[in-house]
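Visitor: What shape does this take:
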Amino acid sequence: MSEFLRILHLEDDPDYSELVKGMLEEEGMQIGLALVDNMTDFREAVAKSAFDIILADYSLPTCTGLEALQTARQIRPDVPFLLVSGTIGEKAAIESLRQGATDYVLKNWPERLVPAIRRAVQENQERHQRLLAETALTRKENYFRALTENSVDILTILNPEGVFQYNSPSIKHVLGYEPEELVGRNAFELVHPDDLTGARQGFAEALQNPERRVTREFRCRRQDGSWCHLEAVGQNRLKDVQIDGIVLNSRDISERKQAEARLRLQSAALESAANAIFITDGMGNVTWVNQAFTQLTGYSAQEVIGKNPRLLKSGRHDPAFYRNLWEDILAGRVWQAEMVNRRKDGSLYTEESTITPVRDERGAITHFIAVKQDVTARKELESQLRQMQKMEAIGQLASGVAHDFNNLLLVIGGNAELALTATEPLSDELRTCLNQITAASKRAGNLTRQLLVFGRKQAMQFQKLNLNDVISDLIKMLNRIIGEDVRLQCSFHKELPFVQGDVGMMEQVIVNLVVNARDAMPRGGQLEISTEGTRVDEKHARAHPESRAGEFVSIRVRDSGMGIAPEDLPRIFEPFFTTKQPGKGTGLGLATVYGIVKQHQGWVEVVSEVGTGTTFRIFLPTVASPAGADQSPQAEPRPRGGNEDILVVEDDSMLRTVTRRFLEAYGYHVREAASGQEALDICHTPGVKPDLLLTDIVLPDDLTGRELAQRLQAERPQLKVVFTTGYSQYLAGKDTAFVHRNQRHFLQKPYSANVLLHKVRQCLDEK
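Guide: Below is the predicted model:
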């Protein structure tokens, strides 16, 4: 009890108030007593000052004790209120207690007053202390609840058997379980089977070592069945807390594990990337390289880390090149370019390099990442591809030139033939001139065919060939070509596979290569021709872009001549390119070889060194051996004439005239048309029913020779058709099925009168 007692006394009898004060002081109390006798002063005193107890008379002139009780409970509900009266009855006493009075005492029982006051004050103090304790406990509980409910970690208590005793509310956020839902369940039921052994070992270690905090990582099953990674720190019960078991603090580290997995993947990707990658600091010193870098450059990681990449410099770039590089990356720009660098062994390589600046969180450049791709092989392939495209373009040009040239040759040669067959006698000098014109047109026709062969636009007469036989038949002629100062040595594979080829074209390939070798050995030398069956593997095919894997027959022509300069080697197959003196070569020999081999689905490889010699190696695909020997062609009979009606459709007027004169000389009735539409008009003239249509495939109007034939044959199915063209048939007729169907009725310009007459008669005689 307080040593000083503050009392508010509502009493209209001051003497009684003094009596009460004296009785309390006799009990050793120090009393501070405020006396009021009306409700106004009472209300003011209660509101203004704090008191330990209120004493009130039940019956006053201006108010009652119950009214004072109501006022006190409104203003000071925690202050004890004691009614003192000489006339209070039992009913009034009960009502006062019901309304909140602490106690009541009759004035005629003064011996009860002091104990009642003492008891009321003491109980109030105890109640106050209890309230303070409860408030403090509530505050602690609120703190604990705030910590556990708002923590991202899970606070868990497990008993020694691993059974959940308590879970913080955060378990709902992390695992999806209600905290009470898991109480009574064994925690190891939620641990991933692969992590169960490690989790149990950690739990046992914590139980056996109360002073030690044990950390374990494991996967835990969420309520939805998915798995999350937890990092749990467990410790045995604390000495000042009666908790039997392990206290766990578990944190969801799924995002961290995913980030670690991503970092491992990124690191593995960088390490195993096919491109060379290295990282430098801001000064350009290497801090990391991947395996591809060491494979590309030949330097190990230990040899380059801490060094500057300038050790790779080849000397092929001027200082401005590197100055521009540094200006770009120091300005924060990505730099990309091709550059030539030097390996550890001194060899050079071309790389495609991308250097990217790396910034920190403040935006400052701290590192550079360089990604480098070895494009040496690609650059070589691009060079070869450009060469192939150039050859293809020249081939297209050659084919176009050949068309017009063939028409002219046919007019020249045809008129010469007609003049030679004239009934009027010719002088010897004129006959000689006409024969020379005919021979010259034939030679010009051969030159045109060479152009078409180079352009891979010339039709071939394919058959199964043994190249040993083809070369053997040429040996006598080849010895005459090369002369006595060049030694020819032939080596043939005994069981050489067959190839599908044109005999004449294969002979031309051999002859052109031998002539080329002879010219490379002006003082004589050694010439070797050999054949073999060989298998080309994928490695060889990758190194030679025109080649492919498979079974092939190889022809090798090797000379000991002057060799080919490296700057000339990429151009040797270009038409009209030659290093020979003027008048010594046309520049079509090797171009023709290239074109023929390409048409035979093969390719040519060349190895040459100045002063040592040159080796040409031709690859042709093999085919199955023929069932029997090819029969020799029969001698061509003299052409037969006829009296059928023939419609000649040709836009070149001179060529139409020559063709008409050829046909009329053998009895045929000929009509001419310069276009497809003119031919249709002629055929629609009453009484005109040609037996054969001789038409160029390429005509000047929108109607092609093929379309003309289709329209006329739709009207007269019995109409026979022979197609002609100055182009290759494969260039003129892009529909290969159409070309093959009409192969027997196809004339390639320039043709002789005999060839034309045989083809016309053959077509007319067919059923």
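Visitor: Against which helices or strands is whichever strand or helix holds Val114 packed?
Guide: Val114 belongs to helix 113-150 when assigned by DSSP states H and E. Judged by 3 or more CB pairs under 8 Å, 6 or more residues apart in numbering; DSSP states H and E, helix 113-150 is in contact with helix 14-26, strand 53-57, strand 81-85, strand 103-106, helix 170-175. In short, each C-beta sits where N, CA and C put it, glycine included.
Visitor: need the contact list for the residue lying closest to Gly501 once chain neighbours are set aside.
Guide: Among residues not flanking Gly501 along the chain, Leu465 sits closest, at 4.8 Å (CB to CB, 6 or more residues apart in numbering). Under the criterion of CB atoms under 8 Å, 6 or more residues apart in numbering, the neighbours of Leu465 are Phe498, Val499, Gln500, Gly501, Val503, Met506.
Visitor: So which of those sit within helices?
Guide: Val503, Met506 (DSSP state H).
Visitor: Check the contacts of Leu465 against His544 and report the nearest one.
Guide: The closest of those to His544 turns out to be Val499 (CB to CB; 19.0 Å).
Visitor: Might one say that that closest one is in contact with His600?
Guide: Yes. Between Val499 and His600 there is a contact at 7.3 Å, judged by CB atoms under 8 Å.
Visitor: what are the bridge partners for the residue nearest to Gly501, then?
Guide: Leu465 has the following beta-bridge partners by DSSP bridges: Val499.
Visitor: On the pLDDT front, check it for me.
Guide: Per-residue confidence (pLDDT) for Leu465: 91.
Visitor: what sits against the nearest residue to Glu217 once chain neighbours are set aside?
Guide: Once flanking residues are discounted, Glu217 sits nearest to Glu231: 5.1 Å by CB to CB, 6+ apart. The contact partners of Glu231, by CB under 8 Å, 6+ apart, come to Thr215, Arg216, Glu217, Ser250, Arg251, Ile253.
Visitor: switch to 10 Å and redo it
Guide: Asp153, Thr215, Arg216, Glu217, Phe218, Asn249, Ser250, Arg251, Asp252, Ile253, Arg256, Lys257 (CB atoms under 10 Å, 6 or more residues apart in numbering).
Visitor: what about the fifth one, how many neighbours?
Guide: Applying other CB atoms under 10 Å, we find 22 other residues in the vicinity of Phe218.
Visitor: what about the stretch 451-600 of the chain, any weak spots by pLDDT?
Guide: 451-461, 575-588 (pLDDT under 70).
Visitor: now with 80?
Guide: Residues of the stretch 451-600 of the chain that meet the criterion pLDDT under 80 lie in 451-462, 477, 504, 571, 574-589.
Visitor: cool, the stretch 1-150 of the chain as well?
Guide: For the stretch 1-150 of the chain (pLDDT under 80), the answer is 1-3, 85-100, 102-111, 135, 137-138, 140-150.
Visitor: If we use 50, what do you get?
Guide: 1-2 (pLDDT under 50).
Visitor: re the thing from before, would you mind giving the helices and strands packed on helix 113-150 as JSON lines with distance to Met283 and mean neighbour count added?
Guide: JSON lines is the format used below for the helices and strands packed on helix 113-150 (distance: least, CB to CB, whole Å; neighbours: other CB atoms under 10 Å):
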{"stretch": "helix 14-26", "distance to Met283": "91", "mean neighbour count": "15"}
{"stretch": "strand 53-57", "distance to Met283": "85", "mean neighbour count": "25"}
{"stretch": "strand 81-85", "distance to Met283": "87", "mean neighbour count": "24"}
{"stretch": "strand 103-106", "distance to Met283": "91", "mean neighbour count": "20"}
{"stretch": "helix 170-175", "distance to Met283": "46", "mean neighbour count": "19"}
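Visitor: Could you dump those into CSV with distance to Ala269 added?
Guide: Shown next, in CSV, are the helices and strands packed on helix 113-150 (distance: least, CB to CB, whole Å):
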stretch, distance to Ala269
helix 14-26, 91
strand 53-57, 83
strand 81-85, 83
strand 103-106, 86
helix 170-175, 31
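Visitor: how about those, which one is nearest Gln208?
Guide: The nearest among the helices and strands packed on helix 113-150, by CB to CB, is helix 170-175 at 26.2 Å.
Visitor: immediately after the closest one, which helix or strand?
Guide: helix 196-208.
Visitor: quick one: average confidence on that next one?
Guide: 90.
Visitor: Stretch 751-767 now?
Guide: In this model, stretch 751-767 carries a mean pLDDT of 86.
Visitor: what about that stretch, distance to the chain center?
Guide: 60 Å (CA atoms, centre = their mean, to the nearest Å).
Visitor: what's the helix or strand for the closest residue to Val36 other than its chain neighbours?
Guide: In this structure, Val36 finds its nearest non-sequential neighbour in Phe42, 4.8 Å apart by CB to CB, 6+ apart. According to DSSP H and E, Phe42 maps onto helix 39-48.
Visitor: Show me what that helix is packed up against.
Guide: The contact analysis (3 or more CB pairs under 10 Å, 6 or more residues apart in numbering; DSSP states H and E) places helix 39-48 against strand 4-10, strand 30-36, strand 53-57, helix 65-75.
Visitor: With distance to Gln748 added, can I get those in CSV?
Guide: Putting the helices and strands packed on helix 39-48 into CSV (distance: least, CB to CB, whole Å) gives the following:
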stretch, distance to Gln748
strand 4-10, 137
strand 30-36, 141
strand 53-57, 137
helix 65-75, 127
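Visitor: Tell me which of those sits most buried.
Guide: Mean neighbour counts were taken over those using mean count of other CB atoms under 10 Å, and the top value, a mean of 25, falls to strand 53-57.
Visitor: gap between Ser491 and Arg558?
Guide: Distance of Ser491 to Arg558, given as CB to CB, to the nearest Å: 10 Å.
Visitor: what do these two both touch?
Guide: Contact criterion CB under 10 Å, 6+ apart; residues shared by Ser491 and Arg558: Glu528, Ile529, Ser530.
Visitor: tell me which of the residues you listed is nearest to Gln677?
Guide: Among the shared contacts of Ser491 and Arg558, and counting by CB to CB, the member closest to Gln677 is Ile529, at 55.5 Å.
Visitor: Setting the sequence-adjacent residues aside, check what's closest to the closest one.
Guide: Cys490 (5.0 Å).
Visitor: That neighbour contacts Asp473, doesn't it?
Guide: No. With contact defined as CB atoms under 10 Å, Cys490 does not reach Asp473; the gap is 11.9 Å.
Visitor: okay, the two: which has more neighbours?
Guide: Between Cys490 and Asp473, Cys490 has the larger neighbour count (other CB under 10 Å), namely 15 against 12.
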